[in-house]
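> Sequence and predicted structure, then a few things I'm wondering about:
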Amino acid sequence: MAYNIADLIEHAVDLMGDRVALETDGRSETYTELDQRANGLAHTLRELGVAPGDSVGLYSRNGIEAVEAMVAIFKARAVMVNVNFRYVESELEHIFTDSDMVVLVVERQYLGRVANVLPKAPKLQAVIVIEDGSDLDLAVVDGLPYEKAVADGGTQRDFEPRSDDDIYMLYTGGTTGNPKGVVWRQEDVFRVLGGGIDWYSGEAITDEWHFAKTGAEGGQLVRFPIPPFIHGGSQWAVFQALFGGGKAIVYPEFGAHQTWEIVDRHKVNVIFITGDAMGRPMIDALEEKDYDVTSVVSVASSAALFSASVKDQFVEKFPNAVIIDAIGSSETGFSGMGVISKDTAHTGGGPRVNKDRSTVVLREDGSIIEPGAGEVGILARTGNIPLRYYNDPVKTDKTFKEYNGIRYSIPGDQARVEDDGTVTMLGRGSVCINSGGEKIHPEEVESALKGHPDVFDTVVVGVPDERYGERVAAIVATRSGARPGLSDINEAARRDIAGYKCPRSVWFVDEIKRSPAGKPNYRWGAEIAASRPADETLTTSTRKA
């Protein structure tokens, strides 16, 4: 046995087979049922020619079948490829071919796109189709029905031993370019995303039965990962639940009011979201209607951090719950977190967290920035980090670097180490705005702008300026069609940031476009700013420090 995703889930099956593992509206599945159905699908994958190390795509929204398929792929020692269900055909062609995918598990509603791309992906030899209520013809891809694939494989768990070195791969869109596959050893990714290193103490787990035994001895925690499983944080929220005998609640779509109805119905304990993109409408929904949320003990955000105003609202609504901001990326895994409570002081500026032991902030020369230096550097992680990007040695060399004999993963997030050792996150350097030589970080400005009561969501970008080279511009979605003046917005923002960081131009839109993981789409923001004159512009000659 090994620190392997399938093994760790099977430990929980062996100790808690009768417990409910997965639950959705009107349907649940025990650990034994999950195990047996995943065994069947894994055997069918082998019959279709899938060998250990081969890539199998999962093209589905959140659902019980999606979790079964993930577990089955790991049982077969194949490599799961997460396919974004919002991709257009050119993006699908890239991920099908770049990953060397040999089998695809897909929801029926997406078969039209798959049929058009299949001729361009010669290695993709079989398609397994999950029913979703749509009526597209399986014949267009010669599709094998999912339930038949499960039933034909039998229920026996008779696989060969697995390894710590089995591969986990996560395709990440990043901020630019085509999606790229981040290749991890399963033990390494378990250490940084699955709880294999204790989140609080930093100590490594030494007993692979730890989570299963702890879960069997205690009560059952009910977790609700809301972001799509195409996002690694949501996958690992489910895996963590399954390692410890917990119950994972799975639903295919997000809605603010729907979320609280689900929390009430299933008595959810821990909610996983992605920052303000989900958190702000959820808080607004609680203002509009009362729900029974007394079961909630924690609200955790990953991939996109909370703004200060949204954190404050969650603390007010859940004074006895733990509100968590976790930082990390596909290339680093967990890197640190902030735990917010009613006693936490509002610090202003960008989101601030406690980094873990293996995370540092580096200068360009690879030297480590110590607390109190007041410098901005690049966030980096050492220890359990990925092996490489799949099929991309150039990007691998740019991201995984060695300094002073230590190998680091450096995905490009800029950060500042504060006097107390905490880290203020400032966003990707690729979107940093250079205004008259001052480096301005969009995430810091976005968090401050959301302190205005009318600002529902925002993306901050740089636009050309004759005097300063670039000036700060904000694309803003407001509540209920409000149109606050830019001076009023900046007045609220200046409680947290210096005047020169405040936007000089604003464009109002109905909705901010974000990635499925809730991350800002800065390319889209720049396109909006370039497409039409600003709704309001302040002179840049009088900006204040």
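Yes, it's here.
> I'd guessed Thr359 sits against Thr332; true?
Yes - judged on Cβ atoms under 8 Å, Thr359 makes contact with Thr332 at a distance of 7.5 Å. C-beta coordinates here come from the backbone N, C-alpha and C atoms, glycine included.
> so what sits against both of those two?
379, 381 (Cβ atoms under 8 Å, 6 or more residues apart in numbering).
> For the nearest residue to Asn178 once chain neighbours are set aside, identify the helix or strand it belongs to.
Closest residue in space to Asn178, ignoring its immediate chain neighbours: His94 at 5.0 Å, by Cβ to Cβ, 6 or more residues apart in numbering. In this assignment (DSSP states H and E), His94 forms part of helix 89-98.
> coming back round to it: so how far is Val182 from the residue nearest to Asn178?
His94 sits 15 Å away from Val182, going by Cβ to Cβ, to the nearest Å.
> picking up where we left off before, would you mark the buried spots in the helix holding His94?
For helix 89-98, a neighbour-count test (16 or more other Cβ atoms under 10 Å) marks 91-98 as buried.
> ok, so of those, who is nearest Arg523?
Ranked by distance to Arg523 (Cβ to Cβ), the buried residues of helix 89-98 are led by Glu91 at 14.1 Å.
> And stretch 381-392, end to end?
When the termini of stretch 381-392 are compared using Cα to Cα, to the nearest Å, they are 20 Å apart.
> need the contact list for the residue nearest to Leu104 when sequence neighbours are not counted.
Leaving aside its sequence neighbours, Leu104 sits nearest to Gly57 (Cβ to Cβ, 6+ apart; 4.2 Å). Neighbour list for Gly57: 80-81, 83, 95-96, 99, 101, 103-106, 124 [criterion: Cβ under 8 Å, 6+ apart].
> Against which helices or strands is the longest helix anywhere in the chain packed?
Scanning the chain for the helix with the most residues, using DSSP state H, yields helix 31-47. When contacts are defined as 3 or more Cβ pairs under 8 Å, 6 or more residues apart in numbering; DSSP states H and E, helix 31-47 sits against helix 5-16, strand 20-24, helix 64-75, helix 146-152.
> In contact with the closest residue to Arg381 other than its chain neighbours: list those residues for me.
Nearest residue to Arg381 in three dimensions, chain neighbours excluded: Thr332, at 4.2 Å (Cβ to Cβ, 6+ apart). By Cβ under 8 Å, 6+ apart, Thr332 lies in contact with 192, 359, 379, 381, 385, 409, 411.
> The last one belongs to a strand, doesn't it?
No - for Pro411, which was evaluated using DSSP: H, G, I helix; E, B strand; the rest coil, the result is coil, with no strand membership.
> State the distance from the nearest residue to Ala277 once chain neighbours are set aside to Ala300.
Excluding its sequence neighbours, the residue lying closest to Ala277 (Cβ to Cβ, 6+ apart) is Gly518, at 3.7 Å. Gly518 sits 13 Å away from Ala300, going by Cβ to Cβ.
> between those two, who's got more neighbours?
Neighbours per residue (other Cβ atoms under 10 Å) separate Gly518 from Ala300, with Gly518 holding more: 24 against 19.
> Please identify which helix or strand holds the more buried one.
Counting by DSSP H and E, there is no helix or strand that carries Gly518.
> close enough to count as contact, the residue nearest to Ala277 and Gly275?
Yes - look at Gly518 against Gly275 with Cβ under 8 Å: they come within range, at 5.2 Å.
> Please enumerate the strands of the stretch 251-400 of the chain.
270-273, 298-301, 322-329, 333-340, 352-355, 359-362, 376-381, 388-389, 400-403 (DSSP state E, counting those that start in this stretch).
> How about the stretch 101-250 of the chain?
101-107, 126-130, 144-145, 167-172, 180-185, 222-225, 247-249.
> Thought Asp142 was touching Ala115, still the case?
No - counting by Cβ under 8 Å, Ala115 stays clear of Asp142, with 9.7 Å between them.
> Mind checking which of these two has more residues around it?
Ala115 (18 against 12).
> where in this protein is pLDDT low?
1, 173-177, 303-305, 341-351, 516-517, 540-545 (pLDDT under 70).
> Report the residue ranges of every domain in it.
5-9+27-184, 254-427, 433-537 (automatic domain parsing).
> Let me have those in TSV, extended by distance to Val238.
Output for the domains of the chain, formatted as TSV (distance: least, Cβ to Cβ, whole Å):
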stretch	distance to Val238
domain 5-9+27-184	6
domain 254-427	9
domain 433-537	15
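> For Lys213, find the nearest of these.
The nearest among the domains of the chain, by Cβ to Cβ, is domain 5-9+27-184 at 11.7 Å.
> give me the number of residues near Arg504?
Neighbours of Arg504 using other Cβ under 10 Å come to 23.
> what's the answer for the one 10 residues further on, then?
Each residue near Arg514 was counted by other Cβ under 10 Å, and the total is 19.
> Met278 is in contact with that one, correct?
No - between Arg514 and Met278 there is no contact under Cβ under 8 Å: 9.9 Å.
> Mind checking what secondary structure Val56 has?
With three-state DSSP as the criterion, Val56 reads strand.
> In contact with Arg37, which residues?
Contacts of Arg37 by Cβ under 8 Å, 6+ apart are 29, 68, 72, 150, 155.
> what's the closest non-adjacent residue to the third one?
Distances taken as Cβ to Cβ, 6+ apart place Leu41 nearest to Ala72, at 3.7 Å, with adjacent residues excluded.
> how far away is that neighbour from Ile369?
48 Å.
> So which of these two has more stuff around it?
Per other Cβ under 10 Å, whichever of Leu41 and Ile369 has more neighbours is Leu41, with 26 against 19.
> does Ile128 really touch Val105, like I thought?
Yes - Ile128 is in contact with Val105 according to Cβ under 8 Å; the separation is 4.6 Å.
> Return every residue with contacts to both of those two.
Tyr146.
> What distance do you get for Gly26 to Gln36?
21 Å.
> ah, wrong one, I meant Met70
Distance from Met70 to Gln36, by Cβ to Cβ: 16 Å.
> who's more crowded, those two?
A count of neighbours by other Cβ under 10 Å puts Met70 above the other of Met70 and Gln36, at 25 against 20.
> Surely the more buried one and Met80 touch.
Yes - judged on Cβ under 8 Å, Met70 makes contact with Met80 at a distance of 5.9 Å.
> and for these two, which residues touch both?
With Cβ under 8 Å, 6+ apart as the test, Met70 and Met80 both reach Leu58.
> Skipping adjacent residues, who's closest to Ala151 in space?
Nearest residue to Ala151, sequence neighbours excluded (Cβ to Cβ, 6+ apart): Gly40, at 6.3 Å.
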